[in-house]
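> For reference, the sequence and a predicted model appear below.
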Amino acid sequence: MNMRRLPFIGFIASLLCMWSCSEEMVGPSIDGITIDTFNIVNSATAKMIDADFAQGDSIHFIGSWEFDTKWTITVKGQTSGAVRTLTGFGRSVDESIAWDGSADLIFFREGETCEATLSFESYDDYKVADKFVHVVSLKPIDGIVLGDYDEIDAEGWGSTSRVVEDGVELPATQKRTFADEGILVPQGDNYLQISGYEDGGKYYLSGNILTISEAPLKIDTKNIGSNYINFFLYGYPNYYENSTIYVMFSDKNGNKIGFNDRVKITEPGWHGISLSFSKLKETENETGIPFDYSNITEAGYSLFSVDGTECAAKAAVDYFIVTTGKPLFNVYN
Amino acid sequence: MRKYYLFIGLVLLGLSVQAQKANPKIQFNGVARGDMSHNWLSSDDTVNADQSLGGAALVDLHLDIRPNDAVRIGTTLRVKNAIGGFWGQGASLELREISIKGVAAKRIKYRFGDIDSRMTPYTLWNNSGECANNEADVFRFIREIRHQENFNYRNYWRNQGADLAWRLGFDKGMESIDFTTFAMRNRSLDDGKTPDRMQAGGNMQFNITNHSNIGLNYINLFDLPKTVSKTYYEKYSNGVGTSNFNFLLGHTTAFGEFGFSTINYVDTSDTKTVNTKGNFFELGLLHLIRQSFLVQASFRRVNPNFFSAGAQSKRINYTSDVNVLPVVGTNSYNRTISLLDLITDDAIYNQAISYGLMDYEMIFNNVTPYGKATPNRQGFDVHLIYVGDSTFTTEIEVQALQDVAGQGSEKKKNYLLAQWSGDVYFDKIFGWSKSVSLTAGYQFASASRDEDRVYKMSKDLVKPVDLHSHTIDLGTSVEVLNRVDVLLGTKILLYKGTDYKAILNGFNETVKYKCETYDGSQMLTAAGLRYRFNDNISLTMQYDRFTLKDKIDDGNSYKINQAFLLFNILF
């Protein structure tokens, strides 16, 4: 054989080798996935399972399906609309997969019924568990609640320029329920709608003084950054891009700290906001004495427009709670 | 402020005219264009906004500055005033492009700024838009304006960066070696986490004889993580290396290209890592039967994981919203990109290399949505070209392809893409003094796959793949009076069947399949009158009628009428 032909033959052979290589199927099967079983683990035959989460109960799941894939169990409250998702990869779930009553965002309600659904990232197939969960009680959240608009009210304020919708002026603040606007309530039965019209004054449009029931509020000064003010914030379509929230606290001397950058709303819907106290900077100090974190006497928040240009701003808030050591939601930066 | 910009622009314009007179080192040319379009829905649509009016007057002034024999500076300034932007309120002045090019040391060519680049169909290639197979003049000239607006010159991508080219000549062994290298900025620092992205590459071409050569090509789209100061950052890299060759043996040329691709991605914030490798090859023969008759046949195989950002980015962004009358039909839905928009809407064009496979419209072409480099295809491509004696030309291309790997099924799809086009010049045949020509094009695209009749958990029947589409182009241009042309054209798209479209994540991994069933048609018809003042100035009046019929849900059917006036000056 002519040796000069060897490279050419080798080249053709390697291309033929590439051609003849068999390739595995691309992506998930269009035939779908067969789910053998999925249910809530409970020895009782009853369809409704009581869950007393405050007493340490948890709900366990069991299921198996055709092959390994990304799975999601979604627990949904039929009254609150609250959702908890559990995810994993594999072809089964065993009793180690459990729900402790916590929610992804808005809270479940005591007394409501929840259903669980198994679904998969790459398939339309799903299965709803035969058994349902009755929430007897929820785990209490470790923190100091400053306002929930159910049991702890707050004092409202507002500027004179109001938002007009359908010819009606909206008040600066008003309590709302699900029946009023069709918006899920993140905690309890009420949330607070706040609104105002920015007419160029670049001043607050509306807001609240929050009640410090366990006055004074004491923040551990050794680690200020591990203390958080948490709350739910709702962005209305057509308004959310114009609306920001300012949060502040006052000490016994009247010195104030606040979040000067203000909380912006990135998209419509409810958002969980956890703001570290280390983000709050001194805004007023006429005494020369440093802000006294061990003696906070007043808290509050205000609605502002984004940049002070003339526009209508509107948002809703619920459940202000101060926690230590652990934020309730993803920390706002 | 806008008025100041305009004032400055006009002063520059005046100065440049003066400069040209005073100094031949500065020359200018450009385009002036005024267009106005009126779009309205048919009278049976009583639900949606009925009419829209748009248009603009603009001047593109291109300055060509030659400080010396070795350097040229080119820049284009645009002054634009939207129709309805009264007293300058809708006016804008923008720098459309700027570049510096020259020759260093009489050896090395360089370009800097806005530059057009292309390599091979598997490395860096701007594939033509869909349904543009020898379309009528009445559509072609509008589409060309859209291409100019979006810097789509043939198969080149417009980017910002720099390139170098030089040649080494030899006395024996081979004629020369050509070197080309470039670096472009693909994306600027985004959100503090997403770093700057560059695209760089090069080519070495060994010219053995005048018509025989071997090329080595490499291109990489990559991040510069250190442009982000944070601990968390993304780092992406898509490298493609290929070798291509052409060998002339008598009247036959053997050609081919083969190579590999890699995707490497690391996101340190969620510890996601992706490593994907792909490959391809193409081998073919081109035979010159007669001086005017060419036959080309090739076989190619592109692995499902082959990804080349520069060759697979699409010219049209099918996720964009349409500009003209976006809400239509008794269903009042947001219509997707149609034949009408492919011709008339310049906002749907994509100007950037995309780091993932872009979306496409299956009814336009589901066989080669990413050109030759479409992943997961193997098969034969036969191309016949006949260039007649200036009286007619015709060509036909047939691609019979198959999946390399089944998509969501062990079975593989079979594809067929057949394209025919032809032009007849009656004035040349009959010796008429006024030009009369006929253009025609036809495309058949199909995908098929038998499926066993199985039911999913959701009780849906798994449907077989049987999507096919016909695209027909027909047009004529008749010079009825001196320099007055009547332009007529029609473009018809018929489609029916079912196919599954892969829903991808950002790294071309198939997350799931979406089953789409179609049965409908689109028809675009146009009649126009063009007066050519001279070879550089023309005025065109045109009426278009577009009809989309959805046989599955008639509430999605709609009709759009368009009247169009265009005044074009090249100077």
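Right, received. Where do you want to start? Numbers count the residues shown, from 1 in each chain, chains lettered A, B, ... in the order given.

> Which of the helices or strands spans residue B:171?
Using DSSP states H and E, residue B:171 sits within no helix or strand.

> Please give me every residue in contact with it.
By C-beta atoms under 8 Å, 6 or more residues apart in numbering or on different chains, the contact set of residue B:171 is empty. Backbone N, C-alpha and C define where each C-beta goes, glycine included.

> Phi and psi next, for it.
phi -80, psi -30 (degrees, to the nearest 10).

> so how far is residue B:247 from it?
Remark: distance between residue B:171 and residue B:247 (C-beta to C-beta, to the nearest Å) = 22 Å.

> Please apply the same query to residue A:12.
Look at residue A:12 and residue B:247: by C-beta to C-beta, they are 14 Å apart.

> got it, and residue A:43?
Remark: distance between residue A:43 and residue B:247 (C-beta to C-beta) = 78 Å.

> now the strands for the stretch 151-300 of chain A?
For the stretch 151-300 of chain A, the strands defined by DSSP state E, counting those that start in this stretch cover A:155-158, A:164-165, A:168-169, A:173-176, A:191-198, A:206-210, A:227-235, A:243-251, A:256-258, A:263-264, A:269-276, A:281-284, A:296-305.

> want to throw those into JSON lines with mean pLDDT?
Shown next, in JSON lines, are those (pLDDT from 0 to 100):
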{"stretch": "strand A:155-158", "mean pLDDT": "72"}
{"stretch": "strand A:164-165", "mean pLDDT": "90"}
{"stretch": "strand A:168-169", "mean pLDDT": "90"}
{"stretch": "strand A:173-176", "mean pLDDT": "91"}
{"stretch": "strand A:191-198", "mean pLDDT": "92"}
{"stretch": "strand A:206-210", "mean pLDDT": "87"}
{"stretch": "strand A:227-235", "mean pLDDT": "95"}
{"stretch": "strand A:243-251", "mean pLDDT": "93"}
{"stretch": "strand A:256-258", "mean pLDDT": "92"}
{"stretch": "strand A:263-264", "mean pLDDT": "94"}
{"stretch": "strand A:269-276", "mean pLDDT": "95"}
{"stretch": "strand A:281-284", "mean pLDDT": "87"}
{"stretch": "strand A:296-305", "mean pLDDT": "91"}
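
> can you redo the ones you listed as CSV with mean neighbour count and distance to chain B?
What follows is the strands of the stretch 151-300 of chain A, written out as CSV (neighbours: other C-beta atoms under 10 Å in any protein chain shown; distance: least, C-beta to the nearest C-beta, whole Å):
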stretch, mean neighbour count, distance to chain B
strand A:155-158, 16, 35
strand A:164-165, 12, 24
strand A:168-169, 10, 28
strand A:173-176, 17, 30
strand A:191-198, 25, 24
strand A:206-210, 24, 30
strand A:227-235, 25, 20
strand A:243-251, 23, 19
strand A:256-258, 20, 24
strand A:263-264, 17, 14
strand A:269-276, 20, 18
strand A:281-284, 13, 21
strand A:296-305, 22, 23
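
> Show me which residues of the stretch 301-450 of chain B sit near chain A.
With C-beta under 8 Å from any C-beta of the partner chain as the criterion, the stretch 301-450 of chain B meets chain A at residues B:301, B:303-304, B:376, B:378, B:404-410.

> Can you name the two of these that sit furthest apart?
Greatest spatial distance in these: B:301 and B:408, 20.4 Å, computed using C-beta to C-beta.

> my guess is residue B:283 meets residue B:299, correct?
Yes - at 5.7 Å, residue B:283 counts as touching residue B:299 under the criterion of C-beta atoms under 8 Å.

> Can you pick out the residue with more neighbours from the two?
For residue B:283 and residue B:299, the more surrounded residue by other C-beta atoms under 10 Å in any protein chain shown is residue B:283, and the numbers stand at 18 against 15.

> so where does the more buried one fall, helix or strand?
Using DSSP H and E, residue B:283 falls within strand B:272-290.

> do the same with residue B:110
Per DSSP H and E: strand B:108-117 holds residue B:110.

> Note down every partner strand of that strand and its orientation.
Strand B:108-117 has its sheet partners listed here by DSSP bridges as strand B:91-104 (antiparallel), strand B:157-169 (antiparallel).

> Just the pLDDT at whichever residue of the stretch 51-200 of chain A sits closest to chain B, thanks.
Taking C-beta to the nearest C-beta, chain B has its nearest neighbour within the stretch 51-200 of chain A at residue A:125, 3.7 Å off. The pLDDT attached to residue A:125 in the predicted structure is 86.
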